[in-house]
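S.K.: sequence unavailable; structure follows:
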């Protein structure tokens, strides 16, 4: 779907801070508050904006141990394995990928001990053949 430059800027502003008021967005875009609201409603109807979410502040995020866990899954058990992974609340995202591994899970834990337990829990699931874990040391930038 093509977006005009105003919609692209609106989406960029929302990515930076989805709590901005329509009045502030309008001032930054040089359009009225009601026009901003209409554009947002249209973007939502078209499925371009699927929702609004919470991002933790840097100080809170720094207290978490985060990791990417690369998963190799038995093909015949892919669906039930994904369902089991979805039931683990510390997995914040699960991506299907090409290459040697089948999935990448983004995991957040409150401590190294909890992360260790989660890695063991994930590795013990039926359907998981192998895991490779990379602990995230720092985030250089995040546009999400």
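M.R.: Sure, I can see it. Everything quoted here is computed from the prediction, not taken from an experiment. Residues are numbered from 1 along each chain as shown.
S.K.: tell me the contacts of the spatially closest residue to residue 49 that is not a sequence neighbour?
M.R.: Nearest residue to residue 49 in three dimensions, chain neighbours excluded: residue 43, at 4.4 Å (Cβ to Cβ, 6 or more residues apart in numbering). Using the backbone N, CA and C atoms, a C-beta is placed for each residue, glycine as well. Residue 43 makes contact with 7, 10, 11, 49 under the criterion Cβ atoms under 8 Å, 6 or more residues apart in numbering.
S.K.: again, only using 10 Å
M.R.: For residue 43, the contacting residues are 1, 3, 7, 10, 11, 14, 49, 50, by Cβ atoms under 10 Å, 6 or more residues apart in numbering.
S.K.: next one: residue 21
M.R.: Contacts of residue 21 by Cβ under 10 Å, 6+ apart are 27, 33, 36.
S.K.: measure it to residue 126 for me?
M.R.: 49 Å (Cβ to Cβ, to the nearest Å).
S.K.: residue 115 against residue 105, yeah?
M.R.: No - Residue 115 lies out of contact with residue 105 (Cβ atoms under 10 Å); the separation is 11.8 Å.
S.K.: so what sits against both of the two?
M.R.: With Cβ under 10 Å, 6+ apart, residue 115 and residue 105 have common neighbours 67, 69, 90, 133.
S.K.: which member of those is positioned nearest residue 121?
M.R.: residue 90 (9.3 Å; Cβ to Cβ).
S.K.: do I have it right that that closest one meets residue 111?
M.R.: No - look at residue 90 against residue 111 with Cβ under 10 Å: they stay out of range, at 11.3 Å.
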